[in-house]
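Student: next comes the sequence, and after it the predicted model I'd like to discuss.
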Amino acid sequence: MLRDVREEIQKIDDQIIELIAQRTGLAEKILDAKKKENVEIDDEEQNNVVLKRAVEAATEHGMDVSAVKRIYEILIKMSIERQRELSGRGKLQSS
């Protein structure tokens, strides 16, 4: 019983990682669009839209809003950092 539930959780965790990879993978498209529209990489207005959407969804599902907000703050930071890397301004960019 416990093992079965843990296996189910592992499958969900694998799906979450895949979705995070897909989300982060869109950084190049987002960066290109931001360049065309002359929008800064760290678009605070859009970041707030994403956070608001996440908070609303968490509320609808009866989830810990604070925890979900922190998760989305991390996802936003990952996307911003990937966009910076692609633009040559990232932390991981070699000199």
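Tutor: Thanks, I have it.
Student: contacting residues for the residue nearest the centre of the chain?
Tutor: The centre of the chain sits closest to L75, judged by CA atoms, centre = their mean, with a distance of 2.6 Å. Counting by CB atoms under 8 Å, 6 or more residues apart in numbering, L75 touches I20, R23. Using the backbone N, CA and C atoms, a C-beta is placed for each residue, glycine as well.
Student: please apply the same query to the one 5 residues further on.
Tutor: Contacts were defined as CB under 8 Å, 6+ apart; by that measure I80 touches I41, D42.
Student: element containing it, please.
Tutor: helix 65-86 (DSSP states H and E).
Student: let me see the mean pLDDT of that helix.
Tutor: Mean pLDDT, helix 65-86: 97.
Student: export that helix as PDB, just CAs?
Tutor: What follows is helix 65-86, C-alpha atoms only, in PDB (Å, rounded to 0.1, in the frame of the first residue of the first chain):
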ATOM      1  CA  VAL A  65      -0.900  29.800  -1.100                       C
ATOM      2  CA  SER A  66       2.400  31.000   0.500                       C
ATOM      3  CA  ALA A  67       4.200  27.800  -0.500                       C
ATOM      4  CA  VAL A  68       2.800  27.900  -4.100                       C
ATOM      5  CA  LYS A  69       3.800  31.500  -4.400                       C
ATOM      6  CA  ARG A  70       7.400  30.600  -3.400                       C
ATOM      7  CA  ILE A  71       7.500  27.800  -5.900                       C
ATOM      8  CA  TYR A  72       6.400  30.200  -8.700                       C
ATOM      9  CA  GLU A  73       8.900  32.800  -7.600                       C
ATOM     10  CA  ILE A  74      11.600  30.100  -8.100                       C
ATOM     11  CA  LEU A  75      10.100  29.100 -11.500                       C
ATOM     12  CA  ILE A  76      10.200  32.800 -12.600                       C
ATOM     13  CA  LYS A  77      13.800  33.200 -11.400                       C
ATOM     14  CA  MET A  78      14.800  30.000 -13.300                       C
ATOM     15  CA  SER A  79      13.200  31.400 -16.500                       C
ATOM     16  CA  ILE A  80      14.800  34.800 -16.000                       C
ATOM     17  CA  GLU A  81      18.200  33.300 -15.400                       C
ATOM     18  CA  ARG A  82      17.900  31.000 -18.500                       C
ATOM     19  CA  GLN A  83      17.000  34.100 -20.600                       C
ATOM     20  CA  ARG A  84      20.000  35.900 -19.200                       C
ATOM     21  CA  GLU A  85      22.200  32.900 -20.100                       C
ATOM     22  CA  LEU A  86      20.900  32.900 -23.600                       C
END
